[in-house]
Structure formats: structure tokens, C-alpha cells
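Visitor: give me a model of this one.
(2 chains)
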Protein chains: 2
Amino acid sequence: MNESHRIEELLLAALQGAEGPGHPPRLAAAVRHAVLPGGARVRPRLVLAVAAACGNDEPALAGAAAVAIELLHCASLVHDDLPCFDDAPLRRGLPSVHRAFGERLAVLAGDALIVRAFQVLAEVRCSRPTRVPPVLATVAAGVGMPGGICAGQAWECEPQVSLAQYQRAKTGALFGAATAAGAQAAGAEPAAWRAFGECLGEAYQVADDVRDVAADPSLLGKPIGRDLALGRPSVARRDGVAGAIDRFRELIAAASQAVPECRGADKLRALVRLESERLVPSALCAEWMASAA
Amino acid sequence: MNESHRIEELLLAALQGAEGPGHPPRLAAAVRHAVLPGGARVRPRLVLAVAAACGNDEPALAGAAAVAIELLHCASLVHDDLPCFDDAPLRRGLPSVHRAFGERLAVLAGDALIVRAFQVLAEVRCSRPTRVPPVLATVAAGVGMPGGICAGQAWECEPQVSLAQYQRAKTGALFGAATAAGAQAAGAEPAAWRAFGECLGEAYQVADDVRDVAADPSLLGKPIGRDLALGRPSVARRDGVAGAIDRFRELIAAASQAVPECRGADKLRALVRLESERLVPSALCAEWMASAA
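Guide: Residues are numbered from 1 along each chain as shown, chains lettered A, B, ... in the order given. Predicted coordinates:
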């Protein structure tokens, strides 16, 4: 089974595990809507790629960490789309959860996904159970306070915000958690892996800024110009699209260099190149540069 | 230090741990507002009481479980108070989190509290780390799908709901998690303890229904008649206040009987009697019966 299939199967099993006897059916449907069909699943792929590069001697734990991080990412999208935040009508080309199920079920689906993420990790069966709490702590730090996704989103509610701090918390932290948790699941030291993930996360956020102003909306599955319209901090707004594209390329180069030495390093660097092209296609850059010239 | 002091100190430490360098200050303030000053802290007291009754050989783990459960309870109140649910202006006699900090920070404060709860458990230092994942799984099951608080609240969004199922998920599940986690933290089998907690939780929910229609609002710290006005399932609505008071007394008797045999059983039964009097004071019942006669 390839990695993409494995991730979808693990996610499905995690959702099925939440649908025990007597569950409220509309909440279950809202939770499924939030997770399936998915986006690029870049964070869980990253968990598994790092675990593989580190020897992956506890694949069930790496799988649980991958699932947990994707469920938390999905939860953050559901809450981020709520009327009090972005009031986004679409997500991944479909109605957002609150448009499809109402605001109350969107709040609860996000909550249930956060809980489910930690439950999947707590219930994992592996032969080295003492590895579970550190992986769980890493995942939690990527989403909570003081520097995880919740904090990142909360910077949108502060009168003063540094762009770097905002992006580090809103995107970088979960990427850093993905790479660190992948390493920890395989028994490796997480620090260097976290730095690699944070760098990649920053690149991803800059790519999002670029795509928000320069991409074809049919490719994104969500309206473009949203971040700008909402007055959100954005590299593309601060430095222009060309400046943002330059910054993206710098960050991708830095991420490649930050891959810790290991047997799978070359494979990981190739994955970074592929992601880079998927995120900000060379053709899109050329087109933008030509139109701006 | 008595138990109440210990719980407040543990909660404060958990909040301080979330306020690392570079946290968004308004989110931190909203999170504190959600937790401090607290209510009766009945759930964490229950965790510690059960752990004590079971020998309490890992007090740090019991403390972390108590904190996690109270943070999750506080998170559920913050989200339950949101405009799309109860739109409650007050909580514990103060403005609700969304009234004080806005809806966005209320959503995020709830999310951050859920994450923090699991982080506290994941980071606990104890000499038997293999006990941590089962305690964590128990706590997660009490709040998530298919039968925890999220599910309970989601029953309010379903066209058909059984009162028993609603109350079991909305209140009983977290009480059951509190007693089961207290037992597991101390190395005891959780099943019988969970049954005791669920019974107590059901009593607590019925007491809430009684208080919603019969209590003095200045004692509750929140408006009365809210559940009735919102058309929520309620024993007091179904059976009348006198019927609900009878049901409450039955459940308290059943909870006392359900205390598993252990050295601390008498102490626990005394705690149940005290709680019962605090929740539905005999004087209130007498007054209600007299006014209804």
C-alpha cells in the first residue's frame, strides 16, 4: 500500500472508532465532512516520511501521530472557517462545515476532532508505550498555547502582531510537531527534525500567501484574495508577490539543507522539491512575473 | 494543604505552563477567565477522592487527571455559552468568555483548554509512565465521540433525542471519566468506579434541572429558566420539579451504594451526602414542596 492510501485508511479507521453505538449522527457526519475527502495530507505524509527516515521501528505509533496531526489540522480549518473568523463558504471545493451543518455542529465537530486526535494517540498499541507521552506532548505543543495553532489564530485578535510570530504559530508549529513527532515515534531525537519542519512550514505559509493572490481559484478549492480582504498578515501583502516568491524559494532551499543527516535524507530532499513544485508551480511564477513585468 | 487549595494550585500551574514566551496575551487572558475563579470543582475533587480511596501511589498522575478533567469541563462551558448555543451572558457570576473577550477568542480559548488538558497529562512526571496512556484514553472518551461531552452537546442539534442518552453523554460521561481516571491513576481497575461516577453524574444533571427552575439565581451565578427557555431536554420539564427531586434522591442513594468496596468507601459516601446537600439543599426542596402544595 502506498503512503497516501495508508493515510486515508488510518484516518477512516480513526473516524470509525469515534462512531460507536449511540453516537449523534449529525455530529458524526459533520466530523466526516471535515476530514473526507482530504487535501494534500502534507502533514501526515511528513510524519511518516520522517519516521521512515529514522528507521520507523514503531509504525503504529508513527501512524497514530500522522492521524492525530491531520485531525488537528482539519479541526483548525473547521474553526477557522466559522462565521466569527473567516466565514468561509467553501473548503476543498465543498461547502465548509458550518455551511453544510450549521455553526453549532461546526464548533462541536472541531472540538470532537481535537479530542479524537489525542484519543488515537492514547489508544495506540505499540511495544514501547513509554514513547507515547512524549509524542503526545509534541503534538499538543504544536496546536495549543503558547505557540501552537490556537495561539497563531489568536494573533488575529491582537492589536499588534509580528508577521514572523503569527506564521510560526499558525503554520510552522504544526509542521515542526509533525517532523518532531515522526522522529520521536521512531526513537530519534526530535530537535533537528523540528527545525526542518518549522522551516518547511514557513515556506508553506508563504506559498499560501502567494496562492491567495496569484492562483487560479479552481485549483485552490477556496476563494482567492480572502486573506487580503480580511486584512490578515501576509508576506505577499508586505513584500509583493515577487518578493514572496523569492522568500518561498529561499525557505525551500533552507528546508532542504535542514534535513538532518540520515539514511533517508536524499529521499526527503526529493519530497521537499516535489512539495515546492506542487505548492508554487514554476509555471505560475513565470506567468505572474510576466504579467507583472 | 487541603484538596481545594491543591486543585487551585494545580490549575494555576497548568495555566502558567501555557503562558510561555511569546504567547498572545488576550488569548491567555480569555483562558484564565474561563478557569478562574472556579465553580465547585466537583469533578477534580472526585478524581482525587477516588485516587485517595485506591491508595494514590502516583499522586502527580492523579493531580494531572484532575486538572485535565476540570480544564475540559471549563472548555465545554465556554463553547456551550457561545451565541450559537446558549448565548449565555453570565457564567459563575461574571461575563461569559465571549461577552468579555469576543466570540473568536471564546472559540480559541475552548480549543486551547482542550489541548492543554491533554498536554498536562502527556507531560506528567511519574514513576509508572505506562499508566499515562490509559488515563488519557479514559479522559478523552469522556469528552469526545461517540459518548462524551461533545456528543452530549451535539444531541441538542438532533431532531430526536432520548433524555437518558443526552444526559449520560452531556454530564455522566465526564463524571464517569473522573472516577475511572482517578482509579487508573492509582493502579486500580476502572469499571466499577466508572459506574459510580456515571450515577453521580446523572444525579448532578437532574440537580441542575431542578436548580434551573427552582433555585435562587444569585446562588447559581447564572440566569435561571435558561434550559427550559431553550427547550432543552430536562427531567424537571418531563416529570415536574417534585418528580425531579424524587429522581435526584434515588440517584444519590444509588451512587452511595455503587461506591466500590475499599478502605476509603465510608469517606466517599460521606462526600456524596455532602455534595447532595450542596446541589439540592433540603431547605430548597421543602420550600418548593410547600409553595407547590
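Visitor: excluding its backbone neighbours, what's nearest residue A:53?
Guide: residue A:264 (3.2 Å; CB to CB, 6 or more residues apart in numbering or on different chains). From N, CA and C alone the C-beta is placed, and that goes for glycine too.
Visitor: enumerate every residue touching the one you found.
Guide: A:49, A:52-54 (CB atoms under 8 Å, 6 or more residues apart in numbering or on different chains).
Visitor: quick check, nearest of those residues to chain B?
Guide: Closest approach between the contacts of residue A:264 and chain B, by CB to the nearest CB: residue A:54, at 20.3 Å.
Visitor: separation between that closest one and residue A:263?
Guide: Note on residue A:54: its distance to residue A:263, by CB to CB, to the nearest Å, is 9 Å.
Visitor: ok, residue A:185 next?
Guide: 16 Å.
Visitor: ok, residue A:54 and residue A:263, which is more surrounded?
Guide: residue A:54 (23 against 10; other CB atoms under 10 Å in any protein chain shown).
Visitor: hmm, that one is touching residue A:182, no?
Guide: Yes. Between residue A:54 and residue A:182 there is a contact under CB atoms under 8 Å: 7.1 Å.
Visitor: quick one: common contacting residues for those two?
Guide: Common neighbours of residue A:54 and residue A:182 (CB under 8 Å, 6+ apart) are residue A:193.
Visitor: pop out the phi and psi values for residue A:103.
Guide: phi -70, psi -40 (degrees, to the nearest 10).
Visitor: whoops, residue A:91 was the one
Guide: According to degrees, to the nearest 10, residue A:91 has phi -150, psi 130.
Visitor: gap between it and residue A:279?
Guide: On the measure of CB to CB, residue A:91 and residue A:279 end up 18 Å apart.
Visitor: higher neighbour count, these two?
Guide: residue A:91 (23 against 19).
Visitor: what does the pLDDT read for the more buried one?
Guide: For residue A:91, the pLDDT comes out at 92.
Visitor: same deal with residue A:163?
Guide: 81.
Visitor: my read is that it contacts residue A:236, right?
Guide: No. Judged on CB under 8 Å, residue A:163 makes no contact with residue A:236 at a distance of 11.1 Å.
Visitor: more neighbours, the two?
Guide: With neighbours defined as other CB under 10 Å, residue A:163 and residue A:236 compare such that residue A:236 has more, 24 against 17.
Visitor: I'd assumed residue A:205 was in contact with that one.
Guide: No. Contact criterion CB under 8 Å: residue A:236 and residue A:205 do not qualify, at 10.7 Å.
Visitor: what residues does residue A:65 make contact with?
Guide: A:47, A:51, A:121, A:135, A:139, A:178, A:181-182, A:184-185.
Visitor: which one is it nearest to, not counting chain neighbours?
Guide: residue A:181 (4.2 Å).
Visitor: and the gap between the one you found and residue A:168?
Guide: Taken as CB to CB, the span from residue A:181 to residue A:168 is 17 Å.
Visitor: so between the two, which is more surrounded?
Guide: Neighbour totals were compared for residue A:181 and residue A:168, and residue A:181 leads with 35 against 22 (other CB under 10 Å).
Visitor: so what does the helix or strand encompassing the more buried one touch, helix or strand wise?
Guide: According to DSSP states H and E, residue A:181 maps onto helix A:173-185. Secondary-structure packing of helix A:173-185 (3 or more CB pairs under 8 Å, 6 or more residues apart in numbering or on different chains; DSSP states H and E): helix A:42-53, helix A:59-80, helix A:132-143, helix A:149-154, helix A:191-214.
Visitor: need those helices in a markdown table with distance to residue A:286 and mean pLDDT, can you?
Guide: A markdown table is the format used below for these (distance: least, CB to CB, whole Å; pLDDT from 0 to 100):
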| stretch | distance to residue A:286 | mean pLDDT |
| --- | --- | --- |
| helix A:42-53 | 24 | 95 |
| helix A:59-80 | 30 | 98 |
| helix A:132-143 | 35 | 97 |
| helix A:149-154 | 32 | 92 |
| helix A:191-214 | 11 | 88 |
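Visitor: comparing these, which comes out most buried?
Guide: helix A:149-154 (a mean of 28; mean count of other CB atoms under 10 Å in any protein chain shown).
Visitor: any residue of whatever helix or strand comes next after that one up close to chain B?
Guide: Where DSSP H and E defines the elements, the next helix or strand beyond helix A:149-154 is helix A:163-167. Yes. Helix A:163-167 is in contact with chain B by CB under 8 Å from any CB of the partner chain, via residue A:165.
Visitor: show me what helix A:163-167 is packed up against.
Guide: Looks like helix A:163-167 contacts helix A:191-214, helix A:235-258 (3+ CB pairs under 8 Å, 6+ apart).
Visitor: go through it and flag the buried ones.
Guide: A:163, A:165-167 (16 or more other CB atoms under 10 Å in any protein chain shown).
Visitor: closest one to residue B:209 out of those residues, please.
Guide: Residue B:209 lies nearest to residue A:166 out of the buried residues of helix A:163-167, by CB to CB, at 44.4 Å.
Visitor: for the closest one, give its distance to residue B:22.
Guide: Residue A:166 is 11 Å from residue B:22, by CB to CB.
Visitor: what's the answer for residue A:33, then?
Guide: Following CB to CB, the distance that separates residue A:33 from residue B:22 is 34 Å.
Visitor: these two: who's more crowded?
Guide: Taking neighbours as other CB under 10 Å, residue A:33 and residue B:22 compare with residue A:33 leading, 22 against 13.
Visitor: which strand or helix spans the more buried one?
Guide: Going by DSSP H and E, residue A:33 is part of helix A:25-35.
Visitor: and the contacts of that helix?
Guide: So helix A:25-35 is contacted by A:11, A:15, A:18-19, A:70-71, A:74-75, A:77-78, A:94, A:97, A:100-101, A:105-106, A:108-110, A:112-113, A:116, B:145-146, B:150-151, B:154, B:157-158 (CB under 8 Å, 6+ apart).
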